[in-house]
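Visitor: I need the structure of the sequence given here:
(chains A and B)
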Amino acid sequence: MEEILEILEKNGRASVEEIALMLDKSVEEVQAAIRKLEEDNVIVGYNTLINWEKSSKENVVALIEVKVTPQRGQGFDKVAERIYRYPQVKACYLMSGGFDLTVIIEGKTMKEVALFVAEKLAPLESVLSTATHFVLKKYKEEGVIFEEKSKDDREALIL
Amino acid sequence: MNIAEMIKPNVKNMPPSGIRKYFDLINEMKDAISLGIGEPDFVTPWSIREAGIYSLEKGHTHYSSNSGFIELRRQISHYVERKYNVMYDPAKEIIVTVGASEGIDIALRALVGPGDEVIIPEPSFVAYKGCTAFTGATPVPIELKAEDEFRLKPEQLERAMTNRTKVVILPFPNNPTGAIMTHEDMKKIVDVLKDKNVIIISDEIYAELTYSGKHVSFASFPEIKDKTILINGFSKAFAMTGWRIGYACAHPVLIEAMNKIHQYAIMCSPTMAQYAASEALASCDAEVYAMVREYNRRRRVMVDGFRKAGLDCFEPLGAFYVFPSIKATGMTSDDFCEKLLMEEKVLTVPGSAFGSCGEGFIRATYANSYENIVEAMIRIGRFVKNHRK
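Guide: Coordinates of the predicted model:
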C-alpha cells in the first residue's frame, strides 16, 4: 500500500498495470488497493505539477500569515473553514508559532490578491491580523526542482 | 628506441576494452538510451555533497593518515557490524581506499606474483583479471552457468583449485549477472575454503543493492573471517562513483601489507571524499533505502521486458544489472549489441566482455530512469522480433 502511494505521489499517471509490474503484484490487487485508498480519502486527488511561469497564464501566488481568535468549542477549525472555502485559497494550514494560519492564495495580479485579503480575509470577525508575502520565484515544489534538466552525461570509463 | 617495446608484456598483452567503440558511437547519436553504464543514475544525495563542500570551505584540504581518518574508520567499523554482523578494529583492520577498485588492486599486489594462481568466477568485473595479470600471477576463471543462476558451486571451486592457488575472488552480488549467493550457497563455499591455504577477496561493493532479503557477507563466517579481505565502498550504495572512495577490512597482517602499497602509491584517499563518506554513513540510510526500492521496481520492469521480448532471463537479485541470454537470435553478443545500437539506439554491453562464458548474453543496467527503461524495452522487443532466427 505504502509503496503504491510512493509511486503515485511521484507520478499520478502511473497506470495500474505499470504499478503492478513494478511491485510484482497482480493488476487486480493493485486496482483494489487504489480503489480502497481513494474511498478512504488517503488518495484525495490527482494533480499536475505546473510551472506557470513558463506558461502564458498570468499567475501570482501569495502566502498570508493570519492571526485569528479561536472560537469557543470549535477551536480554529471553524475560522479556517470560512477561509479555505474560497476558491482563491489554494492551501490552508494551521500553524504552531507566531501566527495561526498559513493561507496560500492564487490570483491573476498582485492587486487581485491584495484586494481579496483586504475585502474578504481581513474583515472576518475572528481575524486579528494578516501579513501578505508575495512569491517571487518558485525554485522547487512537491519535491521537484523546476529549473533542473536531467541529461544523462555519464561517461563509462570502466565496466 | 622503440617505446612500445618498453612496456612490459603483461601490460602490453592486455587487450584494450572492447566496449570503448560503443561508447564512442553513442556519443554521436541523438535519442540514444544507454543501458551500458555500470553506475547509478542518481546523483549523490545532497547532504553528502554538502558535507564535501563544507570540508572545502573549512579548508580541510590536507592529507589524512594513510589508512584514512580514524573517525571514518570507526564509522565503517560500526557500519559493517550493523549491516553484516562482522567486527573489525578501526585502528588495525580497516583501510580507506580510492574506490573499491584500489582495494582489489592492493590486495592482489600484496598477495600474488608470478607462479601464483587467482581464481576468478566469471562472468565478472573486468578488473579482477586485469589486476591479477599485472602482478604476473595467473587468472584462473571458473565459468558460472545460467542454469545455476550464475552462483558459484562448491564442485566448481574444488575443481579449479590447485596447489598454486593463492587467492579466490568472490564477486557477489555480481556484476554483470546480478547474481547473489544465499547463506546456504555460501556455507558450501566456506566449507571448501576453510581448511585451504588461500586468501579470499570478497568484493561486496553491491551489498546494499539486493532485492530478496539481507545481504550476507562472506566475512561473517567465523571459519574464514581471518583469511577474508572484505572489499566495499560508497560508489554504488550511496551513488558516489566519481568521489572514488571505498574501503577494505581484514586481518591486521593483511591490512598492514596492503597499507604499505597504498602509502607509496596513493598516500591517502581524497580527504574531501572521506568527509563526504562520513556523512553518508552518518545520515543517509533513508536515501539508500529509497534508491534501492526504486531500483527494485525498475528491475522488475526490465526483467519482464526481456522475457516478453522472448529472451531467456534468470531473475537477478542483486546489483543493478540484468543478464539475458540472446541465443534465441542466433547472434553473437558483440553482433547483438552493435546491431541493437545501430538499429534501435539502445546501448547494452556484450556478455563476452566479462569473460568468454558471458558469450550469448548481454548486460543491461537498470540504473537509468523508469521512462528510459520502458522506452528501451519497447525498442529491444522490436529488435528481437526482427532478428529472431
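Visitor: Touching, residue B:225 and residue B:219? I think so.
Guide: Yes. Residue B:225 lies in contact with residue B:219 (C-beta atoms under 8 Å); the separation is 5.5 Å. To be clear about C-beta, it is placed using only N, CA and C from the backbone, and glycine gets the same treatment.
Visitor: which parts of stretch A:100-119 are buried?
Guide: A:100-101, A:103, A:105-107, A:113-114, A:116-117 (16 or more other C-beta atoms under 10 Å in any protein chain shown).
Visitor: part of a strand, is residue A:64?
Guide: Yes. Residue A:64 forms part of a strand when assessed by DSSP: H, G, I helix; E, B strand; the rest coil.
Visitor: what does chain B have sitting close to chain A?
Guide: By the rule C-beta under 8 Å from any C-beta of the partner chain, the part of chain B lying against chain A is B:17, B:19, B:23, B:34, B:36-39, B:41, B:101, B:125-127, B:175-176, B:293, B:297-298, B:300-301, B:304, B:349, B:353-354, B:368-369, B:372.
Visitor: Where does the stretch 151-300 of chain B get nearest to chain A, residue-wise?
Guide: For the stretch 151-300 of chain B and chain A, the shortest gap (C-beta to the nearest C-beta) falls at residue B:297, measuring 3.7 Å.
Visitor: unless I'm mixing things up, that residue is touching residue A:22, no?
Guide: Yes. Here residue B:297 reaches residue A:22: they are 3.7 Å apart, a contact under C-beta under 8 Å.
Visitor: list the residues that contact both of those two?
Guide: residue A:7 (C-beta atoms under 8 Å, 6 or more residues apart in numbering or on different chains).
Visitor: low pLDDT regions in the chain?
Guide: In the absence of a named chain, this looks at chain A. A:149-150, A:155-159 (pLDDT under 70).
Visitor: nope, chain B please
Guide: B:18.
Visitor: So in it, which helix runs the longest?
Guide: In chain B, assigned by DSSP state H, the helix with the most residues is helix B:285-308.
Visitor: quick one: contacts of it?
Guide: A:3, A:6-7, A:18, A:21-24, B:40, B:42, B:45, B:47, B:208-209, B:211, B:237-239, B:313, B:315-316, B:320, B:322, B:324, B:364, B:366-368, B:370, B:373-374, B:376-377, B:380-381.
Visitor: Just the buried ones out of those, please.
Guide: Buried among the contacts of helix B:285-308 (16+ other C-beta under 10 Å): A:7, A:18, A:21-23, B:40, B:45, B:208-209, B:211, B:237-239, B:313, B:316, B:320, B:322, B:324, B:364, B:366-368, B:370, B:373, B:376-377, B:380-381.
Visitor: Among the residues you listed, which ones are in strands?
Guide: B:322, B:364 (DSSP state E).
Visitor: who are the neighbours in contact with residue 78?
Guide: By default, I'm working from chain A. residue A:71.
Visitor: Chain B is the one I meant
Guide: residue B:281.
Visitor: any idea which helix or strand comes after the helix or strand where it lies?
Guide: Per DSSP states H and E: residue B:78 is located in helix B:70-84. Next along the chain after helix B:70-84, taking DSSP H and E as the criterion, comes strand B:94-97.
Visitor: From the contact counts, what lies against that next one?
Guide: helix B:70-84, helix B:99-111, strand B:246-249, helix B:252-265 (3 or more C-beta pairs under 8 Å, 6 or more residues apart in numbering or on different chains; DSSP states H and E).
Visitor: and it, how far out from the chain's middle?
Guide: 17 Å (C-alpha atoms, centre = their mean, to the nearest Å).
Visitor: now swap in stretch A:130-142 and tell me
Guide: So, by C-alpha atoms, centre = their mean, the centroid of stretch A:130-142 is 12 Å from its chain's centroid.
Visitor: swap in stretch A:3-12?
Guide: 15 Å.
Visitor: Can you tell me what sits against that stretch?
Guide: A:14, A:19, A:22-23, A:30, A:33-34, A:37, A:42-43, A:46-48, A:143, B:293, B:297.
Visitor: List the buried residues of it.
Guide: A:4, A:7-8.
Visitor: With just CA atoms, put it into PDB.
Guide: Extracted C-alpha coordinates of stretch A:3-12, given in PDB (Å, rounded to 0.1, in the frame of the first residue of the first chain):
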ATOM      1  CA  GLU A   3       4.700   1.800  -2.000                       C
ATOM      2  CA  ILE A   4       1.700   2.300  -4.300                       C
ATOM      3  CA  LEU A   5       1.400   5.700  -2.700                       C
ATOM      4  CA  GLU A   6       5.000   6.400  -3.100                       C
ATOM      5  CA  ILE A   7       4.800   5.700  -6.800                       C
ATOM      6  CA  LEU A   8       1.600   7.700  -7.400                       C
ATOM      7  CA  GLU A   9       2.900  10.600  -5.400                       C
ATOM      8  CA  LYS A  10       5.700  11.000  -7.800                       C
ATOM      9  CA  ASN A  11       3.800  10.100 -10.900                       C
ATOM     10  CA  GLY A  12       0.000  10.300 -10.800                       C
END
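Visitor: related to what we said a few turns ago, can you flag the buried ones in the contacts of stretch A:3-12?
Guide: A:14, A:19, A:22-23, A:30, A:33-34, A:37, A:43, B:293, B:297.
Visitor: care to break the chain down by domain?
Guide: Because you didn't say which chain, this covers chain A. Per the record, chain A has its domains at A:2-39, A:53-137, by automatic domain parsing.
Visitor: that's the other chain; I wanted chain B
Guide: B:3-44+B:286-387, B:46-283.
Visitor: looking at those, which is buried most?
Guide: Stretch with highest mean neighbour count among these: domain B:46-283 (a mean of 20; mean count of other C-beta atoms under 10 Å in any protein chain shown).
Visitor: roughly how far out does it sit from the chain middle?
Guide: 9 Å.
Visitor: and the end-to-end length of that domain?
Guide: 11 Å (C-alpha to C-alpha, to the nearest Å).
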